[in-house]
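Visitor: attaching a predicted model along with its sequence, questions to come.
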Number of protein chains: 2
Amino acid sequence: MKEIDLRIVKTKGALQEALLSMLKDKPLHMISVTAICREAKINRGTFYMHYGKVEDLFEEYFKEIMKDLTDSYMEPYKHVQILLSNELDPSTIRIFHHVEKYKKFYRIIFSKYVPMAYYYLLFDQVNQLLNQDIDEKHHAENKNMFSAYQANAILGMIIEWHRQDFQKTATEMNNLFVEILNFHFRK
Amino acid sequence: MKEIDLRIVKTKGALQEALLSMLKDKPLHMISVTAICREAKINRGTFYMHYGKVEDLFEEYFKEIMKDLTDSYMEPYKHVQILLSNELDPSTIRIFHHVEKYKKFYRIIFSKYVPMAYYYLLFDQVNQLLNQDIDEKHHAENKNMFSAYQANAILGMIIEWHRQDFQKTATEMNNLFVEILNFHFRK
DNA sequence: AATTTTATTATACACATGTTCAATAAAATT
DNA sequence: AATTTTATTGAACATGTGTATAATAAAATT
């Protein structure tokens, strides 16, 4: 039997395309299911067959971006033979460059009208990435709490970056991050 | 002239009360404007005179909670004669106790269906409170970035706390916070 | 190529949204 | 107490939501 029905692929593709096209004109929370279906020439009932609301359609796209975040983060590891997880240099993380690359979408993610769901997707991803590096430094019980602290601290910088309308470059953000970490260590 | 029209006070009060009462049965995102107005015996048009959507009504209530957060945070300061802003002991912060107190509402705030707006209200408040303490440690330009880092780090712990369904006590959270900070300083 | 499976469509329904308007009633002002 | 001001009401309207149904058409299977 076939893995996926071609009709579903076609329908989802059309809806994705329609949404992305409409996002050039309107913010996410102003786009209705009806309008997307009109644009995509897909029956509204079909939309509800695959998604529950507009945000679910966008979420599917956002998950693609989360994949790129993982790839970006992993990138520095590619250049070393042995994986020294515990010793990743903060100056080599690529998170800020990733956000800069998808600036357009992070403006949506950080919009105040958008549900928390996207933020949590992002949080989970950063959390998971950092977790590789802070293994064993804390005992298991508090590990989650520590990585939640660390991951969300970085997201705090991105929130502030977003509020400053991404004025700083990704490299400047990285330097700032290193500076803040150094401050923490030395005090 | 009168500061505020009594009719407005009455209307807003009835709507607030209706929403809070309905929140015992349903999550925020399942409560419609129509249902609130039915419950409050207020015309739907009147609702739209004061609020744009259900979330705005809840936001007004949440701002009250933000006031309590400030009061809670300030509490330790009351017991010292001279305000030594720069030297607040992390073990004396009352943020976790405040969240524990309003647990019921923070479950709403951290729900994935709720707009980012509340998170930002919380972020701003914690940010502002911490800002008093980290004055002058960084030069003005990066001060915002540093406090955003710090404030959101704490919110990260609260997110994780919420995910563990507030199993830990506020005091345990405070101890963990101190432990994490110590780890940062020593390394 | 014929048959089976199932995604899509068209249509309809009850309900919610967001806005507008004239009529009303409640509060503030004189 | 009479008058002015304005918040509230009731009604209507176009549009959106979410769900359900039978008819259709497209893909998968034989």
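Guide: Yep, that arrived. Numbering: from 1, shown residues only, chains lettered A, B, ... in the order given.
Visitor: residues contacting the spatially closest residue to A:Tyr61 that is not a sequence neighbour?
Guide: Among residues not flanking A:Tyr61 along the chain, A:Gln16 sits closest, at 6.3 Å (CB to CB, 6 or more residues apart in numbering or on different chains). No exception for glycine: its C-beta is placed from N, CA and C like everyone else's. A:Gln16 makes contact with A:57, A:60-61, according to CB atoms under 8 Å, 6 or more residues apart in numbering or on different chains.
Visitor: now the buried members of those.
Guide: Neighbour counting with 16 or more other CB atoms under 10 Å in any protein chain shown marks A:Leu57 as buried within the contacts of A:Gln16.
Visitor: turn the contacts of A:Gln16 into CSV, columns for pLDDT and secondary structure.
Guide: CSV is the format used below for the contacts of A:Gln16 (pLDDT from 0 to 100; DSSP: H, G, I helix; E, B strand; the rest coil):
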residue, pLDDT, secondary structure
A:Leu57, 98, helix
A:Glu60, 94, helix
A:Tyr61, 92, helix
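Visitor: which of the residues in the longest helix seen in chain A are buried?
Guide: Ranked by residue count and defined by DSSP state H, the top helix of chain A is helix A:140-163. Buried positions in helix A:140-163, judged by neighbour count with 16+ other CB under 10 Å: A:142, A:144-162.
Visitor: which of these come close to DNA strand D?
Guide: Applying CB under 7 Å from any atom of the strand to those, one finds that nothing falls near DNA strand D.
Visitor: if we can go back for a sec, list the buried ones in the next helix or strand after the longest helix of chain A?
Guide: Going down the chain from helix A:140-163, the next helix or strand is helix A:170-186, by DSSP states H and E. By neighbour count on 16+ other CB under 10 Å, the buried set for helix A:170-186 is A:170, A:173-174, A:176-177, A:180-181, A:184.
Visitor: next: stretch A:31-45.
Guide: By neighbour count on 16+ other CB under 10 Å, the buried set for stretch A:31-45 is A:31, A:33, A:36-37, A:39-40, A:42.
Visitor: so A:Asn144 sits right up against B:Glu160, yeah?
Guide: Yes: with contacts counted by CB atoms under 8 Å, A:Asn144 reaches B:Glu160, the gap being 5.6 Å.
Visitor: where in chain A is pLDDT low?
Guide: Within chain A, the segments meeting pLDDT under 70 span A:1, A:76-88, A:134-140, A:184-187.
Visitor: quick check: residues of it near chain B?
Guide: Taking CB under 8 Å from any CB of the partner chain as the contact definition, chain A meets chain B at A:110-117, A:119-120, A:123, A:137-138, A:142, A:144-146, A:148-157, A:159-161, A:164, A:176, A:179-180, A:183-185, A:187.
Visitor: do that again at 7 Å, thanks
Guide: When proximity is defined as CB under 7 Å from any CB of the partner chain, chain A approaches chain B at A:111-117, A:119-120, A:123, A:142, A:144-146, A:148-149, A:151-153, A:155-157, A:159-160, A:176, A:180, A:184-185, A:187.
Visitor: quick one on the thing from earlier: any shared contact partners between A:Asn144 and B:Glu160?
Guide: With contacts defined as CB atoms under 7 Å, 6 or more residues apart in numbering or on different chains, no residue is shared by A:Asn144 and B:Glu160.
Visitor: got the contact list for the closest residue to A:Ile31 other than its chain neighbours?
Guide: Spatial nearest neighbour of A:Ile31, chain neighbours left out: A:Met22 (5.4 Å); criterion: CB to CB, 6+ apart. Applying CB under 7 Å, 6+ apart, we find A:Met22 in contact with A:31, A:35-36, A:39.
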